[in-house]
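Asker: with the input below, show me the fold.
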Amino acid sequence: MVLEAPEHDALEGFTAVLMSFVLPLLVLILVGVSAYELGRRRALDRHAGAPWPGRPATA
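Answerer: Predicted coordinates for the structure are as follows:
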């Protein structure tokens with residue numbers, strides 16, 4: 001990568017954008033996906049014996 005050089009002029013700006021925009025966005029995405037998956041699994045556990053669309057009813 002061109003920014004590999006420690007004294008590259010754009011390195012400071014690139015680092016600022018990475019730390020202030022990209023990393024917080026990544027954290028929000030990970031939290032959102034985790035919350036969605038946790039809710040989905042809890043709902044499946046709660047309705048484990050109930051008929052579910054696409055799932056056969058258990059006896």
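Asker: how close does Gly13 get to Ala35?
Answerer: When distance is defined by C-beta to C-beta, to the nearest Å, Gly13 is 33 Å away from Ala35. In short, each C-beta sits where N, CA and C put it, glycine included.
Asker: what distance separates the start and the end of stretch 11-28?
Answerer: 25 Å (C-alpha to C-alpha, to the nearest Å).
Asker: average pLDDT for that stretch, rounded please.
Answerer: Averaging pLDDT along stretch 11-28 yields 88.
Asker: how far out from the middle of the chain is it?
Answerer: Chain-centre distance of stretch 11-28: 16 Å, with C-alpha atoms, centre = their mean, to the nearest Å.
Asker: and stretch 33-50, by the same measure?
Answerer: 17 Å.
Asker: pLDDT of that stretch, averaged?
Answerer: Mean predicted confidence for stretch 33-50 is 84.
Asker: got the buried residues for it?
Answerer: Across stretch 33-50, burial judged by 16 or more other C-beta atoms under 10 Å covers no residue at all.
Asker: may I have that stretch exported as PDB, CA atoms only?
Answerer: Output of stretch 33-50 as PDB, limited to C-alpha atoms (Å, rounded to 0.1, in the frame of the first residue of the first chain):
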ATOM      1  CA  VAL A  33     -25.600  -8.300  14.200                       C
ATOM      2  CA  SER A  34     -24.900  -9.700  17.700                       C
ATOM      3  CA  ALA A  35     -28.200  -8.300  19.100                       C
ATOM      4  CA  TYR A  36     -30.200  -9.600  16.100                       C
ATOM      5  CA  GLU A  37     -28.700 -13.000  16.400                       C
ATOM      6  CA  LEU A  38     -29.200 -13.200  20.200                       C
ATOM      7  CA  GLY A  39     -32.900 -12.100  19.800                       C
ATOM      8  CA  ARG A  40     -33.400 -14.700  17.100                       C
ATOM      9  CA  ARG A  41     -31.900 -17.500  19.200                       C
ATOM     10  CA  ARG A  42     -33.900 -16.500  22.200                       C
ATOM     11  CA  ALA A  43     -37.100 -16.500  20.200                       C
ATOM     12  CA  LEU A  44     -36.300 -19.900  18.800                       C
ATOM     13  CA  ASP A  45     -35.700 -21.200  22.300                       C
ATOM     14  CA  ARG A  46     -38.900 -19.700  23.600                       C
ATOM     15  CA  HIS A  47     -41.000 -21.300  20.900                       C
ATOM     16  CA  ALA A  48     -39.100 -24.500  20.700                       C
ATOM     17  CA  GLY A  49     -42.200 -26.700  20.900                       C
ATOM     18  CA  ALA A  50     -44.600 -24.400  19.100                       C
END
